[in-house]
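Asker: need a structure here:
(2 chains)
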There are 2 protein chains.
Amino acid sequence: MAAVSSPRSILTPASELPVAVDAMGGDRAPGEIVAGARAAAEAGAPILLVGDPGRMGDTGGLDVLAASEVVEMHDDPARAVRSKKDSSLIRAAEAVRDGRAGAMISAGNTGAAMASALFRMGRIKGVARPAIATIIPVPGSTPTVLLDAGANAECLAAWLVQFAQMGSVFARVRLGIANPRVGLLSIGEEPGKGNLLVKEAHALLAGGRAGPAVDFIGNVEGRDVMSDAADVIVTDGFTGNVVLKTLEGSMKFAMGAVLDAIRADGVPEDAAAALLGRLLPLAGELDPDSYGGAVLLGVDGVCIISHGSSSARAVINAVEVGRRAVADDLVGQLRQAVSGAEAPAGAAG
Amino acid sequence: MAAVSSPRSILTPASELPVAVDAMGGDRAPGEIVAGARAAAEAGAPILLVGDPGRMGDTGGLDVLAASEVVEMHDDPARAVRSKKDSSLIRAAEAVRDGRAGAMISAGNTGAAMASALFRMGRIKGVARPAIATIIPVPGSTPTVLLDAGANAECLAAWLVQFAQMGSVFARVRLGIANPRVGLLSIGEEPGKGNLLVKEAHALLAGGRAGPAVDFIGNVEGRDVMSDAADVIVTDGFTGNVVLKTLEGSMKFAMGAVLDAIRADGVPEDAAAALLGRLLPLAGELDPDSYGGAVLLGVDGVCIISHGSSSARAVINAVEVGRRAVADDLVGQLRQAVSGAEAPAGAAG
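Answerer: From the prediction side, this is the model:
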């Protein structure tokens, strides 16, 4: 297991800015979102609720940035971002751009959230494509950062090199892993295994193109995602999204099957209770809500993308993730990692 | 759930041919392989053991086809097939080609097994690329056929159309599903979602290019693999292999975590026993050994590729799978499906 440094605890002044919370995005919006935002505020986090004041219900006196439109889950992202300029999503991204908020979070339309952040905040200089970094919980071990989890269905090898750089920074900042081991997702451990994209990316990464700050350990496989084999797993957004959803489906299946077995006739009630007492914390650890959402790495601002089914608890966690990203200057560190590694191929590693 | 027809029980004369078993391939070869072959023979299956007589131990009087070389797990497939012409793998494939065996099975080097079958048996006329079809157990529902599970890391859209045809036939023949629902693995249900390959394949499949015998239901996602959403899931060999290994890893993780919870202090012994009694059959259903291996569809002969860690039980099941494939004339049905659908695009569906 990689070394885990102690978490930072001193907030920098920038972190005094509120977190812009898209109150209208998500399957359970605005109810659960507003509830989560209020709870986060009660716990001390400055919040800027973004949405339609007439539809948000009781906001508990939180600051509100009014936005009359809502990007729906089924809206086409590109079209929504062009046509719904007064949507909560666009306004939240603008709040970050304009320095009114330190970070934005949304549980709404993922594609539209990416597009809003990208078009309003812009890219970090030198970043070819932003990527979605997701944290895969691995109970009993350090979590695994998987990226890209869906921002770019089609990728170039050079983008994967940047994902390795950004994923390393994210694992360090977010998870406190001092020297994250970065693996490239493939279908065999040998360098020659994989599709054309992976073979090319492997050659670049093995040649040190990502710079000395990236500890590239070579190819990893699907079975390594839920293990301690790597701290960061780099892949294209198509494969990453398929992996993420495959994991969700299989974990849901496994948990369902185990609960059925526990509830079946013949298992004594007290035993079932004892077992549930041990399994529920595990289910909690595996719950995507516990990590508060994925982060869009590479845009010039902090954008947290939460699960569409986000609960109030997920919102509380996402607010915390956003504040920590600001306090730790995640964007500044990403900027440094991407620009600092622009040395010629072979200069390092 | 799709309708399941009654299994066929009458063996055709071709199925009287023995199954060629590569005795030297697999992590547990030759011990477990020979043991499985002997058990299968005792249960009535004609067997042709292929391997080095001096290294196979007691073969129990089974027919043996001598082969002096062994393709190792780490051998480069293309090179091994060229240089080890007297290997058990090559000889097994030749036995099928020459009509000495009805089917071959190997738990050895997957790439070399594919190459042996491809180069010795050849392709079914009209098949662009053979694909590995794997059966994903879904306890409580019909299993899901996933292909390609790793034969072709790089694919063209037209190949995926053939995978849909071949997967349909396989689900019908192997699993008795009368009208298999075929899904295309993507990162969203809408036709516009996915990478370039998937978008192009979607257009071909939705346009009826696979012919009227393929019931194309559109895109499916990673979470649908372990569900009843589709009977056949079509994807490129890179994504398919990643999905398969991700599932293996997550199921191993989940089972390990649950067993740890059951064995922990505080769970009464009788309750743990009751629960294990319910979970072990589930684990058995999820065990890849229970389906006896993947099938290489598209070569002109029956080639069963078993898990590298195959036990004697896996070999017994693989022999049965091979015999059934011969009895049901899987290859003939695949030939018909591929040639029969060579109608112009849009002629059907």
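Asker: tell me if the helix or strand bottoming out on mean pLDDT in chain A is near chain B.
Answerer: Taking mean pLDDT, DSSP states H and E as the measure, the helix or strand of chain A with the lowest value is helix A:269-286, at a mean of 78. Yes. Interface with chain B: helix A:269-286 contributes A:Asp270, A:Ala271, A:Ala272, A:Ala274, A:Leu275, A:Gly277, A:Arg278, A:Leu279, A:Leu282 (CB under 8 Å from any CB of the partner chain). Where C-beta positions appear, they are placed from N, C-alpha and C, glycine not excepted.
Asker: now do stretch A:224-244, average pLDDT.
Answerer: Stretch A:224-244 shows a mean pLDDT of 96.
Asker: and if you look at stretch A:93-100?
Answerer: The average of the pLDDT scores along stretch A:93-100 is 96.
Asker: may I have that stretch exported as PDB, CA atoms only?
Answerer: Listed next in PDB are the C-alpha coordinates belonging to stretch A:93-100 (Å, rounded to 0.1, in the frame of the first residue of the first chain):
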ATOM      1  CA  ALA A  93     -19.900  27.800 -13.700                       C
ATOM      2  CA  GLU A  94     -19.900  31.600 -14.300                       C
ATOM      3  CA  ALA A  95     -19.800  32.100 -10.500                       C
ATOM      4  CA  VAL A  96     -16.600  30.200 -10.400                       C
ATOM      5  CA  ARG A  97     -15.200  32.000 -13.400                       C
ATOM      6  CA  ASP A  98     -16.100  35.400 -11.900                       C
ATOM      7  CA  GLY A  99     -14.600  34.600  -8.500                       C
ATOM      8  CA  ARG A 100     -18.000  34.600  -6.800                       C
END
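Asker: contact residues of the stretch 51-200 of chain A facing chain B?
Answerer: A:138-140, A:150, A:153-154, A:185, A:187, A:193-196, A:198.
Asker: quick check, nearest of those to A:Asp63?
Answerer: Closest approach to A:Asp63 among these (CB to CB): A:Gly150, at 31.3 Å.
Asker: that closest one contacts A:Thr235, correct?
Answerer: No. Counting by CB atoms under 8 Å, A:Gly150 does not reach A:Thr235; the two are 10.5 Å apart.
Asker: what does stretch A:275-293 contact?
Answerer: Outside of stretch A:275-293, the residues within contact range by CB atoms under 8 Å, 6 or more residues apart in numbering or on different chains are A:105, A:107, A:135, A:137, A:139, A:143, A:248, A:251, A:255, A:258-259, A:262, A:304-307, A:310-311, A:313-314, A:316-321, B:257-258, B:261-262, B:264, B:266-267, B:271, B:275.
Asker: filter those residues to the buried ones?
Answerer: Buried members of the contacts of stretch A:275-293, counted by 16 or more other CB atoms under 10 Å in any protein chain shown: A:105, A:107, A:135, A:137, A:143, A:248, A:251, A:255, A:258-259, A:262, A:304-307, A:310-311, A:313-314, A:316-321, B:257-258, B:261-262, B:267, B:271, B:275.
Asker: among those, name the ones in strands.
Answerer: The strands, defined by DSSP state E, take in A:Ile105, A:Ile135, A:Ile304, A:Ile305 from those.
Asker: now the residues you listed in a markdown table, with distance to A:Gly207 and pLDDT?
Answerer: A markdown table is the format used below for those (distance: CB to CB, whole Å; pLDDT from 0 to 100):
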| residue | distance to A:Gly207 | pLDDT |
| --- | --- | --- |
| A:Ile105 | 37 | 97 |
| A:Ile135 | 28 | 93 |
| A:Ile304 | 33 | 97 |
| A:Ile305 | 32 | 95 |
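Asker: what's the farthest-apart pair in those residues?
Answerer: A:Ile105 and A:Ile135 (14.9 Å).
Asker: setting aside sequence neighbours, what's the nearest residue to whichever residue of the stretch 201-349 of chain A sits closest to chain B?
Answerer: Relative to chain B, the nearest point of the stretch 201-349 of chain A is A:Ala271 (2.5 Å; CB to the nearest CB). Counting by CB to CB, 6 or more residues apart in numbering or on different chains, B:Ala271 is the residue found nearest to A:Ala271 once chain neighbours are left out, at 2.5 Å.
Asker: distance of the one you found from B:Leu259?
Answerer: Using CB to CB, to the nearest Å, B:Ala271 is found at 14 Å from B:Leu259.
Asker: repeat that for A:Val258.
Answerer: A:Val258 sits 10 Å away from B:Leu259, going by CB to CB.
Asker: count the residues that sit near A:Cys155.
Answerer: Using other CB atoms under 10 Å in any protein chain shown, A:Cys155 has 24 other residues around it.
Asker: that one touches A:Thr239, doesn't it?
Answerer: No. In this structure A:Cys155 lies outside contact range of A:Thr239 using CB under 8 Å: 9.1 Å.
Asker: quick one: mean pLDDT over whichever strand or helix holds A:Leu118.
Answerer: Assigned by DSSP states H and E, A:Leu118 belongs to helix A:110-121. Helix A:110-121 shows a mean pLDDT of 95.
Asker: ok, which stretches of the stretch 1-150 of chain A are helices?
Answerer: Secondary structure of the stretch 1-150 of chain A, counting by DSSP state H, counting those that start in this stretch: helices at A:31-42, A:77-83, A:88-97, A:110-121.
Asker: buried residues in the shortest one?
Answerer: The neighbour-count check on helix A:77-83 (16+ other CB under 10 Å) flags A:Pro77, A:Ala80, A:Val81 as buried.
Asker: for the closest residue to A:Lys85 other than its chain neighbours, grab the count of nearby residues.
Answerer: Using CB to CB, 6+ apart and skipping the chain neighbours, the partner closest in space to A:Lys85 is A:Glu69 (7.7 Å). Residues near A:Glu69, counting by other CB under 10 Å, number 18.
Asker: wouldn't A:Glu69 be in contact with A:Lys84 here?
Answerer: Yes. Here A:Glu69 reaches A:Lys84: they are 4.3 Å apart, a contact under CB under 8 Å.
Asker: got the contact list for the residue most central in space within chain A?
Answerer: Among the residues of chain A, the one closest to the centroid is A:Ala294, at 1.4 Å (CA atoms, centre = their mean). By CB under 8 Å, 6+ apart, the contact list for A:Ala294 reads A:Ile132, A:Ala133, A:Thr134, A:Ile135, A:Ala149, A:Ile304, A:Ile305, A:Ser306.
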